[in-house]
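A.B. asks: I would like to see how this sequence folds:
(2 chains, ligands or ions: 1)
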Amino acid sequence: MKEFNGKVLFLNRSDINTDEIIPAKYLTEITKEALKSFLLEDLTLEGFDPKRDVAEKKVVVTRANFGCGSSREHAPWALEVNGINLVIAENFARIFRQNMYNCGMIACELPEKTVDDLFKEFAGKETELATDLSRNVFVFKSGASTKEVPFSISGFDKALVEAGGWVEYADAKY
Amino acid sequence: MGKTTAQKIFDAHRIDTLEGGTSVLRLDAVFCHEITTPIAINDLAARGKDRVFDPDRIKAVIDHVTPAKDSKTAEQGRIMREWARRHKIKDFFDIGRNGVCHALFPEKGFVRPGYTVIMGDSHTCTHGAFCAFAAGIGTTDLEVGILKGICTFKEPKTIKVTVKGKLPGGVYAKDVILTIIRQLTVNGATDKVIEFTGPAVDAMSMESRMTLCNMAIEAGGTTGICYPDMTTVEYLWPFIKDGFKDKKAALEAYSQWKADPDAVYEKTIELDASGMEPVVTFGYKPDQVKTVKEMEGTMVDQVYLGSCTNGRIEDLRIAASVVKGHKIADAVRAVVSPATPLIFDMALKEGLIQIFMDAGFCVTNPTCGACLGMSNGVLANGEVCASTTNRNFNGRMGKGGMVHLMSPASAAATAIKGTITNSSLYKGRK
Ligand code: SF4
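C.D. replies: Have a look, this model is predicted:
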């Protein structure tokens, strides 16, 4: 199973598309590793510098419709090779969300209000997140403040996360 | 209680239901192209699972960057070729026979009403025009599709969009779908199927219905769906004629996939076609839509005619009818890419290619190329493109470029004027 803990990258925008997560020109790569330095290269977001801001981050927290656009699984892979296995958002584009779980990663939806509170409380500060998969709780920590946020995950999605993805699961079962 | 089309197709293909309501569906076809498939092929091989569930139900093409533009794209082509040969995939379309997947595969008769289809490509929704459940998926789903012929989907809710009335002259399926996306927003149909119906849709050709369904994903939709009718049967007839006694019998059989009158929808929307105008996108999101009139005068550097949205013969005919007898503006370059060899051939025989060339267009081979900023018409930083494609994302057709999505008629008129303009200017319409 992958790691779902670490420093949080806040992306304060809705509708971040897969072209912004990993531009099409890198789709000619045939290894995941090659995508590493191009994550979020074309993101339109004021004050965001991919080189500076992506470094060492392990979790993304963002707004609505994250991962819309193309079906490219290169988008989750570009996150994965940077050690980011968890994205939290108000909601996701269908294909992106499914790709995440298929890779044994987590795309977790939280209510708009909860996401908004997270931005208010933690964005712009050094924030760490710890995921407790036994209790389905995220623990956000910044300086002295700590916040527990419960989340839900379906049994099947959890099975994919535990199995490390859908290929092995499907080939064994069907 | 009645069922939607998607519910009927799910019921006919479900082999398992997983906790959380996810269905495992049996697939009728798995489509593949060279951008998302090689990495799946390599991964399957690395897992010791270099197998295919059924070579006859896998259809593959090299279409995104063709001819190969560099060693990396050449390598992607090589992996596809060797894989197709190794597994005896007969329906593999390499250069010379290749075209944009969502134009080529329907043309070959690979999609039928009631089918389940997946492809590692978000615009797979195009095939819903044939009343199929056709959805884009990522590489892992593609791997399992290739290996086992199955895919998981959450039971989709359906939005029913009824387009009443008749489209005015100069307004096309592209204008209709952009108008719908403006209303639904880029997120409005996420995890949902969109059924397109109503007199304006009934009156559309299969080409126009494909344009409509093609952009369902731009509202987040899993697929678009049009009901089967005589237009569907006529299009498919060369491929299905041995299976039915006559066209009427085919229509009768296919009609089982039509949604029931008492089907339950998540939402229903009604639009009136007769009040619609030519429209165009203005920002980096496909729901940022204004009328062509509002955008009139916007300078463009390039005009692009092609793609899985609008590179079909009907599109080329419409564009050529606007371009005929004119020259493109001095400051503009224009590129047309017929979406398949058959379309190219028809355009040649009908004299459309000559019309484009006389006007100053560059005619390229069938390929996606420019649509995703990979080859054959990539924009420079700061350049503007009037395009018949489906995505205006920042950087989509080249870093720093701006894309205005529009119909082939509007794009053709814009090529002549050099600024965004209405096709009626060159068609003698008011
Ligand atoms: S034409 Fe464009 S949108 Fe269509 S399949 Fe090719 S790259 Fe994708």
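
A.B. asks: three-state assignment of the residue in chain A positioned nearest to the ligand?
C.D. replies: Distances between chain A and the ligand by C-beta to the nearest ligand atom are smallest at A:Ser70, namely 7.2 Å. Every C-beta, even on glycine, is put in place using the N, C-alpha and C of the backbone. The three-state label given to A:Ser70 by DSSP: H, G, I helix; E, B strand; the rest coil is coil.

A.B. asks: setting the sequence-adjacent residues aside, check what's closest to residue 69.
C.D. replies: Assuming you mean chain A. What sits nearest to A:Gly69 in space, not counting adjacent residues and going by C-beta to C-beta, 6 or more residues apart in numbering or on different chains, is A:Asn17, at 3.6 Å.

A.B. asks: chain B, not that one
C.D. replies: B:Ser375 (4.6 Å).

A.B. asks: tally of neighbours for the one you found?
C.D. replies: B:Ser375: 20 surrounding residues under other C-beta atoms under 10 Å in any protein chain shown.

A.B. asks: repeat for B:Glu218
C.D. replies: Neighbours around B:Glu218, by other C-beta under 10 Å: 29.

A.B. asks: and it, what does it touch?
C.D. replies: B:Ile177, B:Ile181, B:Val186, B:Pro286, B:Asp287, B:Asn390, B:Arg391 (C-beta atoms under 8 Å, 6 or more residues apart in numbering or on different chains).

A.B. asks: for whichever residue of chain A sits closest to chain B, which non-adjacent residue is spatially closest?
C.D. replies: Nearest residue of chain A to chain B: A:Ser154, at 3.1 Å (C-beta to the nearest C-beta). Closest residue to A:Ser154 apart from its sequence neighbours, by C-beta to C-beta, 6+ apart: B:Gly20 at 3.1 Å.

A.B. asks: could you do B:Val378 as well?
C.D. replies: B:Val378 sits nearest to B:Gly398 (C-beta to C-beta, 6+ apart), 4.2 Å away.

A.B. asks: what do you get for B:Gly283?
C.D. replies: Using C-beta to C-beta, 6+ apart, the closest residue to B:Gly283 is B:Asn392 (7.1 Å).

A.B. asks: next one: B:Ile62
C.D. replies: Nearest one to B:Ile62, counting by C-beta to C-beta, 6+ apart, is B:Glu34 at 4.5 Å.

A.B. asks: same question for A:Leu11.
C.D. replies: A:Thr62 (4.2 Å).

A.B. asks: B:Cys32: what's it in contact with?
C.D. replies: B:Cys32 neighbours (C-beta under 8 Å, 6+ apart): B:Ile58, B:Lys59, B:Ala60, B:Val61, B:Met80, B:Met119, B:Gly120, B:Leu142, B:Ile146.

A.B. asks: closest to B:Val363 among these?
C.D. replies: B:Val61 (20.4 Å; C-beta to C-beta).

A.B. asks: I figured the residue of chain A closest to the ligand hits B:Gly120, correct?
C.D. replies: No - between A:Ser70 and B:Gly120 there is no contact under C-beta atoms under 8 Å: 9.6 Å.

A.B. asks: follow-up on the earlier one: show the pLDDT at the residue nearest to A:Leu11.
C.D. replies: At A:Thr62, the pLDDT value in this model is 98.

A.B. asks: A:Tyr174 now?
C.D. replies: A:Tyr174 is given a pLDDT of 88.

A.B. asks: same question for B:Gly428.
C.D. replies: pLDDT at B:Gly428 comes out at 68.

A.B. asks: quick one on the thing from earlier: if the residue nearest to A:Gly69 is in a bridge, with which residues?
C.D. replies: Here A:Asn17 sits in beta bridges with A:Cys68, going by DSSP bridges.

A.B. asks: quick one: contacts for it?
C.D. replies: Contacts of A:Asn17 by C-beta under 8 Å, 6+ apart are A:Gly67, A:Cys68, A:Gly69, A:Ser70, B:Phe393.

A.B. asks: mind running it again at 6 Å?
C.D. replies: A:Cys68, A:Gly69, B:Phe393 (C-beta atoms under 6 Å, 6 or more residues apart in numbering or on different chains).

A.B. asks: so the residue of the stretch 101-250 of chain B found nearest the ligand, which of the three states?
C.D. replies: Relative to the ligand, the nearest point of the stretch 101-250 of chain B is B:His123 (4.8 Å; C-beta to the nearest ligand atom). Look at B:His123: counting by three-state DSSP, its state is helix.

A.B. asks: Provide a list of residues in contact with it.
C.D. replies: B:His123 touches B:His102, B:Asn214, B:Cys308, counting by C-beta under 6 Å, 6+ apart.

A.B. asks: near the ligand too, which of these?
C.D. replies: Restricting these to those touching the ligand (C-beta under 6 Å from any ligand atom) yields B:His102, B:Cys308.

A.B. asks: what packs against the helix or strand harbouring B:Pro238?
C.D. replies: Here B:Pro238, judged by DSSP states H and E, is contained in helix B:230-240. For helix B:230-240, the packing partners by 3 or more C-beta pairs under 6 Å, 6 or more residues apart in numbering or on different chains; DSSP states H and E come out as helix B:247-254.

A.B. asks: now do the buried residues in the helix it packs on.
C.D. replies: Neighbour-count burial for helix B:247-254 flags B:Ala250, B:Leu251, B:Ala253, B:Tyr254 (criterion: 16 or more other C-beta atoms under 10 Å in any protein chain shown).

A.B. asks: what residues does stretch A:98-115 touch?
C.D. replies: By C-beta under 6 Å, 6+ apart, stretch A:98-115 touches A:2, A:4, A:73, A:76, A:85-88, A:90-92, A:97, A:151, A:157, A:160-161, A:164-166, B:138, B:140.

A.B. asks: what does the stretch 201-350 of chain B put close to the ligand?
C.D. replies: So far as C-beta under 6 Å from any ligand atom goes, the stretch 201-350 of chain B lies against the ligand at B:Ser307, B:Cys308.

A.B. asks: find the closest residue to the ligand in the stretch 201-350 of chain B.
C.D. replies: Counting by C-beta to the nearest ligand atom, the stretch 201-350 of chain B gets nearest the ligand through B:Cys308, at 3.3 Å.

A.B. asks: could you check how far the helix or strand where that residue lies is from the centre of its chain?
C.D. replies: Here B:Cys308, judged by DSSP H and E, is contained in helix B:307-310. Mean C-alpha position of helix B:307-310 versus that of the full chain (C-alpha atoms, centre = their mean, to the nearest Å) differs by 5 Å.

A.B. asks: repeat that for stretch A:140-159.
C.D. replies: 13 Å.

A.B. asks: may I see the buried residues of it?
C.D. replies: A:Phe140, A:Ser142, A:Lys147, A:Val149, A:Phe151, A:Ile153, A:Phe156, A:Asp157, A:Lys158, A:Ala159.

A.B. asks: which residue comes closest to B:Asn422 once chain neighbours are left out?
C.D. replies: For B:Asn422, the closest residue by C-beta to C-beta, 6+ apart turns out to be B:Val292, at 5.0 Å.
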